[in-house]
Each structure stands twice: as C-alpha cells, then as structure tokens.
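Participant: Got a predicted model here, sequence first, then my questions.
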Amino acid sequence: MTAQPTAESGPNLRPGVVVADKYRLLEAAGEGAMGTVWKAEHTTLGHTVAIKFLHGSVANAAEPRARFEREAKLAARLGEASRHITRVSDHGVTPDGTPFLVMEFLQGEGLEVRLKRERRLPIALVAKITSQLSRALHVAHAAGVIHRDLKPANVFLCESQDDGGLAVKLLDFGVAKATLEHDENQSTRAGALIGTPNYMSPEQISGGTVDARSDLWALAAIVYRMAVGKAPFGSGALSELAMRIVATEPPVPTTLAPDLPHEFDLWVKKGLAKKPEDRFQNARDLSDSLSMVAGISASGSTGAYSAAAAERLALQLGDSVGGLQHTLGDSQAGTAMAPVRPRNRAALVVAIVAVGVAAGVGAFFVTRARAPEPAPAAAPAPSPAPPPVVSPTVTARPRSPRRRPIRPRCRRR
C-alpha cells in the first residue's frame with residue numbers, strides 16, 4: 001500500500017516533481033517521525049532511488065538538521081564498506097529549504113512490520129538476520145561509529161539481488177556517534193537520552209558512557225524480541241522501563257517459548273548482561289555463538305556443527321554460569337554434530353564418572369568375592385593359562401576317602 005504524503009512532507013512533494021534537476025518523484029513510500037521517503041527515478045540514468053526528506057516542522061531546527069546531515073555522511077561512508085548498510089549516494093536542500101538525501105531503493109519490508117504480522121520468527125531465521133546485522137555493526141564499529149538506535153524499525157528485510165535469498169539492511173544513522181571524528185559537532189548534550197528506550201542498554205538509558213557494546217546489547221534485545229515474541233523488558237512509562245532495564249532480568253526465554261533451545265537462555269543472559277564487560281565483546285562473537293545455538297554451521301547449513309565449534313560455544317556461554325566443561329575428545333574433532341546442550345554435557349560428565357566409579361568398585365568386590373579361598377591340596381591352583389595336562393591320579397575326581405593320601409605328594413612338590 002502506497003503511503004500518502006502529509007502536510008508536513010512539504011507542499012512541493014508530489015508525484016512528477018523533479019528534485020535537484022535529476023530525480024523525478026514517483027510515489028510516497030513511507031513516513032516516520034522525522035521525515036518521509038519517496039520512490040523516485042533518475043531522469044537521465046533511469047534507475048530507481050529512494051529520497052528521504054526531513055519534515056517541514058523540524059527542517060529549520062538546528063539539531064534535526066545536524067542529525068540528518070550526519071546520517072548522510074556516515075551512511076555514505078559505511079554503505080561503501082558493507083552491503084548490509086543502506087547506501088547514500090547524494091544529499092542536498094530543495095529550493096523551499098527542505099533537506100533531503102538520496103538512497104538505494106529497497107524492496108521488502110521492515111523487521112518491525114514482519115514482527116507485528118508474525119510475532120515470532122524461527123530461531124534459524126533469527127540467527128541469519130543477526131549474522132547480517134552483525135556484519136554491518138562490525139564495519140561501523142571498526143570505523144569508530146556507534147549506531148545508538150538499534151531497533152526493529154531500523155532493520156529492513158529485502159530480497160537479495162545475488163541469489164534471491166534474504167538480505168538485511170541496517171538503516172538510520174541519524175543519531176549515530178562517530179567516536180573517531182573529533183571535528184564533528186555531535187550537538188548532543190551530556191546525559192541527553194538518545195535512542196529508543198525499549199532497546200537501550202543500561203548505561204545508555206541511565207545517561208552513562210556508551211560504546212560499541214551498547215549496540216551489542218541492543219542487538220541482543222532485538223534477537224530476544226524476534227525469538228520470544230516480546231521485548232525483553234516490556235513497555236510502559238520511561239521511568240518504569242528504565243528501572244527494569246537497569247535493575248531486573250528479563251524473563252527466561254524458554255519459560256515463554258519452550259521450543260527454544262536451552263543454550264538460548266544462556267546466550268540471552270550473556271547478551272543482556274548489565275555490565276558491558278560481561279557481554280559479548282564484539283559483533284562477530286555475538287553472531288557466531290547465536291548461529292551455533294541455532295544449529296547453523298559456518299557454511300550456513302542447519303542441523304549440525306563441528307565439535308570445535310561446540311567447544312567454543314561452551315566456553316563463551318559458560319562464562320555466564322560459572323564455566324561449563326566439555327567432553328568432546330580428540331577423536332570427535334572435526335565431525336558434524338547436533339547442537340550440544342552445555343548442562344546436559346556437564347551432566348554426562350558426572351554420569352560417566354559415576355558409572356566408572358561404580359564399575360570400578362563393583363569389579364573390586366566381585367574380584368574379592370571370586371578370589372579363591374585356600375584350596376584343598378587336591379584342587380589345582382587357579383591360573384589364567386589353560387590347565388596343564390597332568391596325571392590322572394592328580395585330576396581324577398576322588399570317589400572314596402582311600403584316595404586322599406594324594407595330598408602329601410602335592411606338598412612335596
């Protein structure tokens with residue numbers, strides 16, 4: 001359904017209008033709190049683009065304009081480095097003073113729209129979406145850029161032009177913080193609340209220092225929403241939500257969605273840890289561990305992964321529960337395995353040890369029970385070797401007491 005432009009979109013934004021002498025507007029494609037997006041075509045090259053216009057009500061305010069310009073610069077730079085970040089190819093201001101930026105046109109739907117329709121997504125799909133978002137964050141964080149507003153509304157799901165599969169795009173760097181650009185005017189006051197409260201990390205919602213690990217916390221919160229069907233800390237007044245994020249733990253995922261693997265509970269505990277140092281420390285580790293929890297191998301296939309990967313998963317998630325021991329021997333290295341449940345594996349270690357001890361103790365007592373008592377002289381001594389061939393007078397079964405004198409002969413030997 002085509003979005004209808006509003007009065008805030010600007011009086012001159014309508015189908016057929018040419019922007020910057022080269023972009024002809026076709027139809028309104030979407031609208032948000034800060035601006036509206038139009039589908040357009042390049043008048044000479046003919047390709048389709050998306051143009052984002054800042055709403056007239058905020059176009060003349062200094063901070064929204066600064067954010068809009070910052071988004072254009074950061075997205076243009078990062079979009080060249082990652083295909084999972086929406087590319088910006090142009091920006092400018094219309095004759096009536098409305099700022100705009102030109103982006104690649106995406107066909108598909110936002111993650112927020114998908115979740116409203118389906119509520120929950122399969123864990124394998126969650127892992128694939130997270131993998132692509134993590135690649136986008138890896139590029140941004142390596143460039144010193146912190147997004148600060150990760151949420152389902154800023155994630156777009158579209159069809160890949162390469163293989164027809166799922167392609168995920170990270171949108172909206174308007175409130176991003178470029179930590180390596182000392183000359184940029186952030187225009188954000190210390191302690192100002194920037195972002196969407198439901199997906200803010202504890203340090204962000206309390207006005208503390210924010211770094212790349214805050215983005216990772218927000219990504220873990222999005223993962224929780226996709227897999228469980230609800231935001232980890234619910235909704236409500238900002239003060240109540242902030243208190244829950246800072247001081248309480250989210251519901252354990254498997255209590256709300258029992259079909260999820262137990263390892264996902266451990267993953268969430270680490271991903272949403274209150275202290276940044278207790279979380280995943282980079283986007284790659286976060287994504288790789290979630291893929292293993294979902295049973296997705298490095299090649300992207302589902303249902304199996306290597307023993308070495310299982311060990312790495314146990315080590316990563318074990319940090320959040322005091323450490324988990326693995327029982328994978330060298331003979332299993334490199335073999336495909338179904339997802340291993342850390343607690344079950346630990347229980348298996350205990351069971352194996354218990355069985356081994358029981359078997360050893362049982363063998364000891366059985367040996368004692370079967371050990372020969374001092375045998376009568378007539379009985380041959382037990383030996384593991386085959387019984388020797390001896391005289392019939394020694395081996396013959398005694399039929400009367402008269403054959404017992406054979407005993408002294410044995411003692412003389």
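Facilitator: Yep, that arrived.
Participant: all contacts plus neighbour counts: C-alpha atoms, from now on.
Facilitator: Fine.
Participant: So residue 216: helix, strand or coil?
Facilitator: What DSSP: H, G, I helix; E, B strand; the rest coil gives for residue 216 is helix.
Participant: Not counting its neighbours along the chain, what's nearest it?
Facilitator: Leaving aside its sequence neighbours, residue 216 sits nearest to residue 283 (C-alpha to C-alpha, 6 or more residues apart in numbering; 6.6 Å).
Participant: correct me, but the one you found touches residue 218?
Facilitator: No: counting by C-alpha atoms under 8 Å, residue 283 does not reach residue 218; the two are 11.4 Å apart.
Participant: got the contact list for the residue nearest to residue 216?
Facilitator: Counting by C-alpha atoms under 8 Å, 6 or more residues apart in numbering, residue 283 touches 134-135, 137-138, 216.
Participant: and the gap between residue 146 and residue 139?
Facilitator: 10 Å (C-alpha to C-alpha, to the nearest Å).
Participant: Compare neighbour counts for those two and give me the winner.
Facilitator: Neighbour count, other C-alpha atoms under 10 Å: between residue 146 and residue 139, residue 146 has more, with 24 against 18.
Participant: hey, what's the more buried one bridged with?
Facilitator: Residue 146 has the following beta-bridge partners by DSSP bridges: residue 177.
Participant: Quick check: it vs residue 175, distance?
Facilitator: 9 Å.
Participant: cool, and residue 133?
Facilitator: Relative to residue 175, and taking C-alpha to C-alpha, residue 133 is found at 17 Å.
Participant: Just the helices from the chain, written as ranges.
Facilitator: 56-59, 62-81, 111-118, 123-142, 202-205, 212-228, 238-247, 253-256, 262-271, 283-293, 307-318, 342-370, 392-395, 406-412 (DSSP state H).
Participant: looking at these, which has the lowest confidence?
Facilitator: Lowest mean pLDDT within those: helix 342-370, a mean of 40.
Participant: Now do the same contact list for the closest residue to residue 273 other than its chain neighbours.
Facilitator: Leaving aside its chain neighbours, residue 273 sits nearest to residue 279 (5.5 Å; criterion: C-alpha to C-alpha, 6+ apart). By C-alpha under 8 Å, 6+ apart, residue 279 lies in contact with 213, 217, 270-273.
Participant: same thing but at 10 Å, please
Facilitator: 213-214, 216-217, 220, 267-273, 286, 316, 319-320 (C-alpha atoms under 10 Å, 6 or more residues apart in numbering).
Participant: likewise residue 259?
Facilitator: Residue 259 neighbours (C-alpha under 10 Å, 6+ apart): 122-123, 228, 253.
Participant: Let's have the residues you listed in CSV, adding distance to residue 247.
Facilitator: Output for the contacts of residue 259, formatted as CSV (distance: C-alpha to C-alpha, whole Å):
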residue, distance to residue 247
122, 29
123, 27
228, 21
253, 18
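Participant: Which pair in those residues has the greatest spatial separation?
Facilitator: 122 and 253 (13.5 Å; C-alpha to C-alpha).
Participant: shared neighbours of the two, anything?
Facilitator: 227-228, 259-260.
Participant: out of those residues, who has the most neighbours?
Facilitator: Busiest of the shared contacts of residue 122 and residue 253 [other C-alpha under 10 Å] is residue 228, holding 25 neighbours.
Participant: these two touch, right, that residue and residue 250?
Facilitator: No: using C-alpha atoms under 10 Å, residue 228 makes no contact with residue 250, being 11.1 Å away.
Participant: distance of residue 111 from residue 134?
Facilitator: With C-alpha to C-alpha as the criterion, residue 111 and residue 134 are 15 Å apart.
Participant: Would you mind splitting the protein into its domains for me?
Facilitator: 7-104, 108-180+194-303 (automatic domain parsing).
Participant: Check the contacts of residue 259 against residue 244 and report the nearest one.
Facilitator: For these, the nearest to residue 244 is residue 253 (16.4 Å; C-alpha to C-alpha).
Participant: Could you list which residues are in contact with residue 264?
Facilitator: 123, 224, 227, 252-254, 270, 289-290, 292-294, 317, 341.
Participant: Could you tell me which of those count as buried?
Facilitator: Those of the contacts of residue 264 that meet the buried threshold are 123, 224, 227, 252-253, 270, 289-290, 292-294, 317, 341, by 16 or more other C-alpha atoms under 10 Å.
Participant: mind giving me a markdown table with the residues you listed and columns for distance to residue 200?
Facilitator: Shown next, in a markdown table, are the buried ones among the contacts of residue 264 (distance: C-alpha to C-alpha, whole Å):
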| residue | distance to residue 200 |
| --- | --- |
| 123 | 23 |
| 224 | 13 |
| 227 | 18 |
| 252 | 19 |
| 253 | 19 |
| 270 | 16 |
| 289 | 22 |
| 290 | 20 |
| 292 | 26 |
| 293 | 24 |
| 294 | 25 |
| 317 | 22 |
| 341 | 30 |
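Participant: Let's see the pLDDT reported for residue 87.
Facilitator: At residue 87, the model reports a pLDDT of 89.
Participant: same deal with the one 4 residues further on?
Facilitator: On pLDDT, residue 91 comes in at 91.
Participant: what residues are up against it?
Facilitator: Residue 91 makes contact with 20, 51-53, 68-69, 72-73, 76, 99-103, according to C-alpha under 10 Å, 6+ apart.
Participant: Could you export these as CSV, including distance to residue 236 and neighbour count?
Facilitator: Below are the contacts of residue 91 laid out as CSV (distance: C-alpha to C-alpha, whole Å; neighbours: other C-alpha atoms under 10 Å):
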residue, distance to residue 236, neighbour count
20, 43, 13
51, 34, 26
52, 30, 23
53, 31, 26
68, 28, 24
69, 32, 19
72, 32, 24
73, 34, 19
76, 35, 21
99, 34, 21
100, 34, 26
101, 34, 22
102, 35, 23
103, 34, 23
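Participant: out of these, who's nearest residue 12?
Facilitator: The nearest one, if we look at these relative to residue 12 and count by C-alpha to C-alpha, is residue 53, at 11.3 Å.
Participant: got the contact list for residue 248?
Facilitator: 233, 242, 274.
Participant: so how far is residue 225 from the closest residue to residue 25 other than its chain neighbours?
Facilitator: Leaving out its chain neighbours, the residue that sits closest to residue 25 by C-alpha to C-alpha, 6+ apart is residue 40, at 4.3 Å. Distance of residue 40 to residue 225, given as C-alpha to C-alpha: 33 Å.
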